[in-house]
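S.K.: model this:
(5 chains)
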Amino acid sequence: MRSLGTAHYRAAVIITDRRAWLNQLVMIRGTSLSVSWKRMLVATVTATAVTLAQVYFEVFDTNLTPLPFTLIGLALSIFLGFRNTTSYDRFWEGRKLWGRMVNVSRSFTRQLLTLIGPQAQTSTRAPAPEEVAELARVRRELVYGQIAYVHAFRQHLRGQHDPDEYLNLLPDALAGTLEAELNRPLAISQWLGDRLRALYDRGWVHPLHLSVLEGSLTEITAVQGACERIKSTPIPYSYTVLMHRIVAVYCLGLPFGIVSTVGMLTPVVVAIVAYAFYGLDAVGTEIEDPFGTDPNDLPLSTLSRMIEINLRQRLGEGELPPVLEPVDGILQ
Amino acid sequence: MRSLGTAHYRAAVIITDRRAWLNQLVMIRGTSLSVSWKRMLVATVTATAVTLAQVYFEVFDTNLTPLPFTLIGLALSIFLGFRNTTSYDRFWEGRKLWGRMVNVSRSFTRQLLTLIGPQAQTSTRAPAPEEVAELARVRRELVYGQIAYVHAFRQHLRGQHDPDEYLNLLPDALAGTLEAELNRPLAISQWLGDRLRALYDRGWVHPLHLSVLEGSLTEITAVQGACERIKSTPIPYSYTVLMHRIVAVYCLGLPFGIVSTVGMLTPVVVAIVAYAFYGLDAVGTEIEDPFGTDPNDLPLSTLSRMIEINLRQRLGEGELPPVLEPVDGILQ
Amino acid sequence: MRSLGTAHYRAAVIITDRRAWLNQLVMIRGTSLSVSWKRMLVATVTATAVTLAQVYFEVFDTNLTPLPFTLIGLALSIFLGFRNTTSYDRFWEGRKLWGRMVNVSRSFTRQLLTLIGPQAQTSTRAPAPEEVAELARVRRELVYGQIAYVHAFRQHLRGQHDPDEYLNLLPDALAGTLEAELNRPLAISQWLGDRLRALYDRGWVHPLHLSVLEGSLTEITAVQGACERIKSTPIPYSYTVLMHRIVAVYCLGLPFGIVSTVGMLTPVVVAIVAYAFYGLDAVGTEIEDPFGTDPNDLPLSTLSRMIEINLRQRLGEGELPPVLEPVDGILQ
Amino acid sequence: MRSLGTAHYRAAVIITDRRAWLNQLVMIRGTSLSVSWKRMLVATVTATAVTLAQVYFEVFDTNLTPLPFTLIGLALSIFLGFRNTTSYDRFWEGRKLWGRMVNVSRSFTRQLLTLIGPQAQTSTRAPAPEEVAELARVRRELVYGQIAYVHAFRQHLRGQHDPDEYLNLLPDALAGTLEAELNRPLAISQWLGDRLRALYDRGWVHPLHLSVLEGSLTEITAVQGACERIKSTPIPYSYTVLMHRIVAVYCLGLPFGIVSTVGMLTPVVVAIVAYAFYGLDAVGTEIEDPFGTDPNDLPLSTLSRMIEINLRQRLGEGELPPVLEPVDGILQ
Amino acid sequence: MRSLGTAHYRAAVIITDRRAWLNQLVMIRGTSLSVSWKRMLVATVTATAVTLAQVYFEVFDTNLTPLPFTLIGLALSIFLGFRNTTSYDRFWEGRKLWGRMVNVSRSFTRQLLTLIGPQAQTSTRAPAPEEVAELARVRRELVYGQIAYVHAFRQHLRGQHDPDEYLNLLPDALAGTLEAELNRPLAISQWLGDRLRALYDRGWVHPLHLSVLEGSLTEITAVQGACERIKSTPIPYSYTVLMHRIVAVYCLGLPFGIVSTVGMLTPVVVAIVAYAFYGLDAVGTEIEDPFGTDPNDLPLSTLSRMIEINLRQRLGEGELPPVLEPVDGILQ
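M.R.: You can find the predicted model right below:
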């Protein structure tokens, strides 16, 4: 059962009481109906026409049977089950990847705050005050860089372009060259690597810890590449077309097959079947690319903000940006 | 077959003899009936009304057939199978994550007890007695920190707030600032990292072993992030709504479809079918968030306690807190 | 096709010729029949009674149809398929974990034999003879410790307690304190870590190789924790109860549904269906906990023995314990 | 929902508006129809002949029923579902592997640019100008080597041979010997390892960072081996044959089974069923080897080019090769 | 689509044109027919007898219906689907493991060729000529050891014993003791570890690179253990027996159920159904142990040879053993 109290971690975009079972039966917003109602309507109108033609004019002879729909149903169930599983897997892999981004942002920050600094074993134990201040400045610069990376990555993934959100977190030299980059988050992570190298040359990073920090950058790069993979590679087009056609043939042909058995209730039955099949298809289409801004997509803005808050709090900052609240029950 | 004797590892919340096959057929507590009986009742009452109206008054003409339910059944089986698999995967992933928390707590403790200490190869081989005592104190402080982390993390995940359970395990300086933190377990793991850095600066941790210990902290952070991901991201809302609606249409419409075939037994058949489908749905809802406190949720309190006992025993402590026993056959 | 000649690696507990297809049709031992025959009998007797009552006395009116069983069959197939997959996944994960235990035991042994020793680069190249003997003694002590760990872990997992099997492999100091431990294998792995630390302090382990050895201990801890997870967390109780009930309703109700169609053959059909469904359930129950001692459970004794032989042979020992042979075709 | 603006990451080969639902119902190019229309035609012609023979001459007696097709349908659904899942898994694993190739190319480049260079801690802090130039040259040589590797690997995987695409990126000595190699990408990665060893001998790579770079080469080798595995190991031949036969028997026999029920519409029904089953098979065949050049295969050329652009931009180059644009809506 | 030109990587054992769709319908060799034809024959003969008895003598009364077969079909589809998936997973996991063996052999070779040698940073930069020759000899000895390992491992997995294939690749001391070993590949990998330790003691391996090389040995051990796991642990015996029985009951009972509906065509229908089900079972049995020498098993000899060629070419050898060609279209 879902307990309360950690609402600021809830990434699902639609916030509602899961137990409100009755409500779910009548609402429309955020459900598949908002997408699939047109196709449902076409199927239902067709079914009504067929039913009226059959009942009042006996247009069709009686050898029409539901048999073909049982046979095609076999292929249909394979397709819809496959579509369902695949789309959800993409959604859930996307969520896992952003979970890894949360994890690596936190771990990388902890590493920046504990692994960087004058090496006690090779230098004096009491660092000078200016060195302490310099160390704090360097650490903040790098953690800010990671926050900027997360925002730039989110925008990159959503095809948005609003650099003001993160440019002020970066040093001017980097901010200036970023506009020309095709892949801005990649450029930021490269800059983080360059900075770490400079600190290594300065003797502030142990050779071994440089490879630990480099490992975190590798993980960040891996998450980015995997998100780009999901975004850029939809389910093969042949599958989608094949499935759409079979669903269409099924729903539009169904009234011919069942009108002699079901009679006047044919439109109702067709409407329900069409709702189920088109709905299944619509949900799959919606979450197939989980990085968009549909109501059921992943709330990347909320996650980015949460990362920013976590990281700033680790820096000891008191003034934190607010947690994003759902708008109309939907998190962005 | 399940052997006896290690009951203190049994994490499943309902303790019973798996072979007591007959008992299972009649018990209610902890089963799906306690959740789904209302919906079952609605469906059964509807079915009874339809049956009586049909048998005594022949309200409905006879062209109602079970055919539509075979057609919708196709979509229904995709949905219920998907729901079933997905919910269980979430449950099992949650269990795996807590299993990793058990593992990393044990490994981290072993590392704290074997990797920390004056470096033999860079100093004298016989450490002073006060150094030995200091070393034991430092190790205990860190292991206690890990125990506190586990309790804080469990409370965080369940949305509970009872810091007294772990504050006395932490040094006062940390305990004082913890209340202001949004994410308390994250703050504790950061503190563990800071302490290790201080020991490193002191020369008690080899640079290489610092990265091993840091690796354990990264694993802890990864487990925490993954648990938060499961908690905060339910199955997409569209799926749940679509499934609930189709199940409802199916169960409420079923009597119309089968009454002419099954006759007076219609309510019985509908009750059984509704029990199966609503039950499947109810079980899925219960374990979808495995970190709650429902009877079938994960016994996080028992696991935390077991971690605490394991870790304290590794410190050589004799007075251990008791293993949690099931209450009414249910572990918390 | 399964080739011959490496029978000592065959972990499956029932040793038989896979191609002996005819034999499989009639044997009982080790098959699901030995568990499920009582339930089958109840269902068949019920079916016989129903059939006789119907055929000779026409007790039931004729509106009983197989329809409800088609509808419930939908839920049943979801449940049984899920049960089947889940139980096998647990079995196979258990096997994989013990496979990893085999791997890590071998690798850890190789590491103990190659990474431990006076460091050539920091000392003289020709170690003294007594140092050579001492090194051999230390290595053997540690490899014996790993063998003892495997036996203790197997007993721990099976809830057995027979310390004589491994106590003589451990130094007396450890053997004396082991009885008081709740988790004996954990205590042994902690002791291995302590020993490695002592060798590190002595200069016989390079700092970097200590972390490699520590990595193997972490893997051992991970395998142990994962096995404990499978053992302690059965499939959620609600699932099991729901499935048992639906199967029972299905099998006991089936004769009422088919007697008017199938007539005198009803008991035969019910017996076959009950055999299939109860058998599927029984197999699932048997391998759900793969660490027990049922005929189809994992042959942990054989695997432990194989690990012991592999490790002793790596130490160069000539007198090896024999490979365990199947008893009545069943490996333990 | 799929957002716009990052089209240069879209790896899917067919670029179209996913929402253009109506269009999908009528297009042919890139869909399964272009492959399976011949078999469909055979099945439909057979069905027409059977129908005419039956309707006009009543050739077949009436005991032909759809029953056998329901029974065989069971095996068919297992086969087609399996085929579907397996082919897609191969496609998606191929895509994941190329995603890892993108990731490791980026990370390896970052490592080349940050880990290589005169070691500050063992030498003077201000490197000589000629050393700076030399360093830039060495880094560019290695990054170019990685770009060449990616192109050579893509050609190797597709069985193409066009070394001019990458030979100018490699030093002459290597380019000269490459022609004789059976596995050119393997030779290039070996050369990268040799170069890194030489830099290590020169003191420009820390021993620890050599193992980090070596780790990236290991990852590259793993990706290559896994791609070769997918390419060289199709689904076992027995499966394919068995499935093709059952589908053929099903589609060619279907008219005999349904003609007495469906009558004149038999050819239509057979055409639709054949379209669904042959289409499912054709899609599976197409994406079973995802590294080919079919319309739905992976756009390896586009991915290689993207890697080249990313890596050159990290070197600070301004003149970049253009992003590959889709030709006739199909990316290569 | 499968492109040409890299036939030497094709691991699948049956080499044929995948598009030769018509051919597949009539061939027998390498397909399931060669195994399952006896069972098919039994079922068909039974069906013929039942049909003749019914059509000419009306032996059975008419209450025999296909209904029971629909009910049992539910369990059957679960079993066959499960069997199918599980066997293929074992096949594919086996292939993945040998893919990892290919990868780790290549990576280990690259590491041997780049990480071993007099340490530049601790010794003089210009090694003596005899040291260069010695280094080449040592590297070749180790790479040869890895080639020998692969061959020994393949023989071990297939239960073969032909040491002449690899003994000449090993030094005499090792070759002499190998015969007494129960697990020869394990002994070879232990020897590789011993050699690396000796090189480390000599100062030719950096401590850190010793752990990298040790990591490769650990991977090799992991692959070996996992292959042994697949080989030694078949699908639980209860499953196999249960499935065989249900299939047998189904196929032998089917004629009784359908003869009154299908009439004279009963033997044809039974033959097709039996072909589908027994064929599915036969394919599963064949690839369940993918390391055998059946036509559809993995071509381990070809893979071992390919590894040998790759590794020898990395050593710069010109005379390479030939790539294995398929015999009768089947790779070994």
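
S.K.: what about the residue in chain A that chain D sits nearest to, neighbour count?
M.R.: Residue nearest to chain D within chain A: residue A:159 (2.8 Å; C-beta to the nearest C-beta). Just so you know, the C-beta spots here come from the backbone N, C-alpha and C atoms, and that holds for glycine as well. When neighbours are counted by other C-beta atoms under 10 Å in any protein chain shown, residue A:159 registers 16.

S.K.: and it, how far from residue D:323?
M.R.: In this view, residue A:159 and residue D:323 are 15 Å apart by C-beta to C-beta, to the nearest Å.

S.K.: and for residue A:280?
M.R.: From residue A:280 across to residue D:323, the span is 36 Å (C-beta to C-beta).

S.K.: ok, now residue A:141?
M.R.: 33 Å.

S.K.: just want the phi and psi numbers for residue A:327.
M.R.: Phi and psi for residue A:327, reported as degrees, to the nearest 10, are phi -110, psi 120.

S.K.: for it, which residues make a bridge with it?
M.R.: Here residue A:327 sits in beta bridges with residue A:330, as judged by DSSP bridges.

S.K.: just to revisit the earlier point, state the pLDDT value of the residue of chain A closest to chain D.
M.R.: pLDDT, residue A:159: 89.

S.K.: go on, the one 3 residues further on?
M.R.: pLDDT, the model's per-residue confidence, is 89 for residue A:162.

S.K.: quick one: it is in a helix?
M.R.: No: under DSSP: H, G, I helix; E, B strand; the rest coil, residue A:162 sits outside any helix and is assigned coil.

S.K.: what is the burial count for it?
M.R.: 10.

S.K.: next: residue A:119.
M.R.: The tally of other residues near residue A:119 (other C-beta under 10 Å) stands at 16.

S.K.: repeat that for residue A:318.
M.R.: Residues contacting residue A:318 under the criterion other C-beta under 10 Å number 7.

S.K.: list the residues that contact it.
M.R.: By C-beta atoms under 8 Å, 6 or more residues apart in numbering or on different chains, no residues touch residue A:318.

S.K.: same question for residue A:311.
M.R.: A:105-106, A:109, A:143, A:146-147 are the contacts of residue A:311 under C-beta under 8 Å, 6+ apart.

S.K.: okay, and it sits in which element?
M.R.: If you go by DSSP states H and E, residue A:311 is part of helix A:300-314.

S.K.: what residues of that helix count as buried?
M.R.: For helix A:300-314, the neighbour count (16 or more other C-beta atoms under 10 Å in any protein chain shown) marks A:300, A:302-314 as buried.

S.K.: over to stretch A:250-264?
M.R.: Applying 16+ other C-beta under 10 Å to stretch A:250-264 flags A:250-263 as buried.

S.K.: from these, pick the one nearest chain C.
M.R.: Comparing those against chain C with C-beta to the nearest C-beta places residue A:261 closest, at 14.7 Å.

S.K.: between helix B:237-262 and the host helix or strand of the closest one, find me the angle.
M.R.: Taking DSSP H and E as the criterion, the element that holds residue A:261 is helix A:237-262. Between the axes of helix A:237-262 and helix B:237-262, defined by axes from the mean of the first three to the mean of the last three C-alpha atoms, to 10 degrees, the angle is 30 degrees.

S.K.: residue ranges for the helices of chain A, please.
M.R.: Taking DSSP state H to define them, one finds helices in chain A at A:21-26, A:33-57, A:67-115, A:129-158, A:164-167, A:172-178, A:184-201, A:207-232, A:237-262, A:266-288, A:300-314.

S.K.: what's the burial count for residue A:129?
M.R.: A count of neighbours around residue A:129, defined by other C-beta under 10 Å, yields 8.

S.K.: and it, what's its pLDDT?
M.R.: As predicted, residue A:129 sits at a pLDDT of 81.

S.K.: tell me which of the helices of chain A is the most buried.
M.R.: Comparing the helices of chain A by mean neighbour count (mean count of other C-beta atoms under 10 Å in any protein chain shown), helix A:266-288 ranks first with a mean of 24.

S.K.: could you dump that one to CSV, C-alpha only?
M.R.: Extracted in CSV, the C-alpha atoms of helix A:266-288 (Å, rounded to 0.1, in the frame of the first residue of the first chain):
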residue,chain,number,x,y,z
THR,A,266,-24.0,-4.6,-31.6
PRO,A,267,-23.0,-0.9,-31.3
VAL,A,268,-22.6,-1.2,-27.5
VAL,A,269,-20.5,-4.3,-27.9
VAL,A,270,-18.4,-2.7,-30.6
ALA,A,271,-17.9,0.4,-28.6
ILE,A,272,-16.7,-1.5,-25.6
VAL,A,273,-14.3,-3.7,-27.6
ALA,A,274,-13.0,-0.6,-29.6
TYR,A,275,-12.5,1.2,-26.3
ALA,A,276,-10.4,-1.6,-24.9
PHE,A,277,-8.3,-2.1,-28.0
TYR,A,278,-7.8,1.5,-29.1
GLY,A,279,-7.3,2.4,-25.4
LEU,A,280,-4.5,-0.2,-25.1
ASP,A,281,-3.0,1.2,-28.3
ALA,A,282,-3.3,4.8,-27.1
VAL,A,283,-1.7,4.2,-23.7
GLY,A,284,1.2,2.4,-25.5
THR,A,285,1.7,5.3,-27.9
GLU,A,286,1.7,7.8,-25.0
ILE,A,287,4.4,6.1,-22.8
GLU,A,288,6.4,4.8,-25.7
